[in-house]
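In: show me how the following folds:
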Amino acid sequence: MDLLSTAVLNGAPPEGLERLPLPDEFLAGYLRAEDAEAADRPAGTDVRQTLHVGLVPMPELAPDEVVVAVMASSINYNTVWSAMFEPISTFTTLRRYARQGGYATRHDLPYQVVGSDASGVVVRVGAGVRHWRAGDHVVVSPAYVDDQDPGSHDDGMMGTHLRAWGFETNFGGLAHYTVVRATQLVAKPPHLTWEEAATITLCAGTAYRMLVSDHGARMKQGDVVLIWGATGGLGAYAVQMVRNGGGIAVGVVGSQAKADFLRQQGCDLVIDRREIGMGDDADPRADAAELGRRLGRLIRAEIGEDPSIAFDYVGRSTFGTSVHVVRRGGTVVTCGSSTGYEHSYDNRYLWMNLKRVIGSHIANLHEQTECVRLFSRGKLVPVLSRVFPLEQVGDAARLVQQNRHLGKVGVRCLAPRDGLGVTDPAARARIGEERLNAWRRHAAATAPAGAAR
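Out: Numbering: from 1, shown residues only. Got it, this is the predicted structure:
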């Protein structure tokens, strides 16, 4: 291990970190351009074949950037997309970005370090950085905002050159070090461990913008919110936010085991999608309106009314049903399409019932800061279920690729073991290990023998 990493792990003071040189290279999870260009690459690539772990060079630091020693990261579905090179290779995106010139050219390399979540310690700041210094404990937002883009000054997500760090950029978080813009940093909640903190920015921040922000569905007290994939990373945080905000959470999941656990977590109504004919073996040509009628009957029977909001990141297999099932004047808010990007729905149910569709993407820095504040106050808790070492990042990503996970799957990077990083044990005790570890305890109790915990 290099001297700087050792100093970080030993809790060296800021001046000690600043005196030590950055390592010339570091361990990272990365993709190779040659794999993306392989003519015989099969569709639906097993991500364990394309996610490599090895040493990569330390990139040059731009004036508005910081270097973070990454203690932990997590798996998001965008890493799965990247590792499958679908719908397009992210190396194409990196080449386009490099055409902007300047420091952007660094990103066009024959490899891409992936990962869009991180928690860690700042070890170096660029000449233009004012609000952060070495030694700060941070989490990293995936919103890679261009502050020279006019749209960014209205809303960071509206800039033409907005990118998702670690997906549409290089130097992502599944590594011992990452280089990020200072505008991506938020102070780490001091009561969380490194691996817990590394699961909150992408999924929770995205859910916050979708549901709570003025840029999203503007959920209010009493709203019935349909949440697809309610035990996934995004869905699990959405359930917490709906209940915190006085809404009524209706979670849809794909198994009885997931349904039982979600009920234990306080979701108001839980529906196994197999009940309405949306199991894994369902006919993909099934009529979305008929599925919507079945789902609507179940919701009305228990709740008494149709959903005000559908929280949909699943995409092709659910979107048409979402459009049908929300009430007159209701809202479908979407941030992704893990089952496919091309959606089909009957537009009559949209226009004649004055419904809305809102596209949402990540979260701006204000939204991200407000979301992390809720974690710091114990209003939201992490949904971490499993943790893998960086050397097993392919196995971690495969678990998400096959939808065999609950909540978030964490990856330890520089942290040598779980449970480190807590600097406010009193706050942790006040919030309680029972709440903080519920998802992980459940995953451990139900995991096959020999599985990573």
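In: confirm that residue 230 sits in a strand.
Out: No: the assignment for residue 230, made by DSSP: H, G, I helix; E, B strand; the rest coil, is coil rather than a strand.
In: just the pLDDT at it, thanks.
Out: Per-residue confidence at residue 230 stands at 95 (pLDDT).
In: nearest residue to it in space, please, no chain neighbours.
Out: Among residues not flanking residue 230 along the chain, residue 251 sits closest, at 3.0 Å (C-beta to C-beta, 6 or more residues apart in numbering). (C-beta placed from N, C-alpha, C; glycine too.)
In: please apply the same query to residue 399.
Out: Distances taken as C-beta to C-beta, 6+ apart put residue 405 closest to residue 399, at 4.9 Å, once the chain neighbours are dropped.
In: and that neighbour, what is it in contact with?
Out: Shown here is residue 405, whose contacts under the criterion C-beta atoms under 8 Å, 6 or more residues apart in numbering are 232, 385, 386, 399, 443.
In: also residue 334?
Out: Counting by C-beta under 8 Å, 6+ apart, residue 334 makes contact with 312, 313, 315, 319, 322, 357, 358, 359, 360.
In: all helices for the stretch 201-350 of the chain, in order.
Out: Along the stretch 201-350 of the chain, counting by DSSP state H, counting those that start in this stretch, helices occupy 201-211, 233-244, 256-264, 288-303, 319-325, 347-351.
In: from residue 331, how far off is the residue of the chain most remote from its centre?
Out: Ranking residues of the chain by C-alpha distance from their mean position (C-alpha atoms, centre = their mean) puts residue 352 at the top, at 34.4 Å. For residue 352, the distance to residue 331 equals 16 Å [C-beta to C-beta, to the nearest Å].
In: picking that back up, can you read off the pLDDT for the residue nearest to residue 399?
Out: As predicted, residue 405 sits at a pLDDT of 90.
In: quick one: buried residues of stretch 71-86?
Out: For stretch 71-86, a neighbour-count test (16 or more other C-beta atoms under 10 Å) marks 71-85 as buried.
In: between these, which is closest to residue 286?
Out: When the buried residues of stretch 71-86 are compared for distance to residue 286 (C-beta to C-beta), residue 77 wins out at 23.6 Å.
In: follow-up on the earlier one: can you redo the helices of the stretch 201-350 of the chain as JSON lines with mean neighbour count, distance to residue 432 and mean pLDDT?
Out: Written out in JSON lines, the entries for the helices of the stretch 201-350 of the chain read as follows (neighbours: other C-beta atoms under 10 Å; distance: least, C-beta to C-beta, whole Å; pLDDT from 0 to 100):
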{"stretch": "helix 201-211", "mean neighbour count": "28", "distance to residue 432": "19", "mean pLDDT": "97"}
{"stretch": "helix 233-244", "mean neighbour count": "25", "distance to residue 432": "15", "mean pLDDT": "97"}
{"stretch": "helix 256-264", "mean neighbour count": "17", "distance to residue 432": "15", "mean pLDDT": "94"}
{"stretch": "helix 288-303", "mean neighbour count": "17", "distance to residue 432": "29", "mean pLDDT": "94"}
{"stretch": "helix 319-325", "mean neighbour count": "26", "distance to residue 432": "35", "mean pLDDT": "94"}
{"stretch": "helix 347-351", "mean neighbour count": "12", "distance to residue 432": "44", "mean pLDDT": "92"}
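In: among these, which comes closest to residue 424?
Out: The closest of the helices of the stretch 201-350 of the chain to residue 424 is helix 201-211. By C-beta to C-beta, the value is 19.1 Å.
In: pretty sure residue 280 contacts residue 272?
Out: No: taking contacts as C-beta atoms under 8 Å, residue 280 lies outside contact range of residue 272: 11.8 Å.
In: which neighbours do those two share?
Out: Counting by C-beta under 8 Å, 6+ apart, the shared contacts of residue 280 and residue 272 are residue 254.
In: so the two - more neighbours on which side?
Out: Under the neighbour definition other C-beta atoms under 10 Å, residue 280 and residue 272 were set side by side, and residue 272 has more, 18 against 9.
In: measure the more buried one to residue 252 for me?
Out: Residue 272 sits 8 Å away from residue 252, taking C-beta to C-beta as the criterion.
In: quick one, phi psi at residue 192?
Out: Taking degrees, to the nearest 10, you get phi -90, psi 150 for the backbone angles of residue 192.
In: what residues are up against residue 61?
Out: Here residue 61 is in contact with 67, 124, 126, 179 (C-beta under 8 Å, 6+ apart).
In: isn't the second one up against residue 67?
Out: Meaning residue 124. Yes: with contact defined as C-beta under 8 Å, residue 124 counts as touching residue 67 (4.1 Å).
In: how about the strands in the stretch 351-453 of the chain?
Out: For the stretch 351-453 of the chain, the strands defined by DSSP state E, counting those that start in this stretch occupy 356-359, 384-389, 408-412.
In: what's the average pLDDT for the longest one?
Out: Per-residue pLDDT values across strand 384-389 average out to 97.
In: how many residues are close by the closest residue to residue 73 other than its chain neighbours?
Out: Using C-beta to C-beta, 6+ apart and skipping residues adjacent in sequence, the residue nearest residue 73 is residue 173, 4.1 Å away. For residue 173, the number of neighbouring residues by other C-beta under 10 Å comes to 34.
In: and the nearest residue to residue 172 once chain neighbours are set aside, how far from residue 366?
Out: For residue 172, the nearest residue in space outside its immediate sequence neighbours is residue 166; the separation is 2.5 Å by C-beta to C-beta, 6+ apart. Relative to residue 366, residue 166 is positioned 21 Å away (criterion: C-beta to C-beta).
In: pLDDT below threshold where in the stretch 351-453 of the chain?
Out: For the stretch 351-453 of the chain, the stretches with pLDDT under 70 are 447-453.
In: element containing the spatially closest residue to residue 125 that is not a sequence neighbour?
Out: Spatial nearest neighbour of residue 125, chain neighbours left out: residue 66 (4.9 Å); criterion: C-beta to C-beta, 6+ apart. Under DSSP states H and E, the secondary-structure element containing residue 66 is strand 65-74.
In: quick one: that strand to strand 408-412, angle?
Out: 120 degrees (axes from the mean of the first three to the mean of the last three C-alpha atoms, to 10 degrees).
In: okay then, goodbye and thanks.
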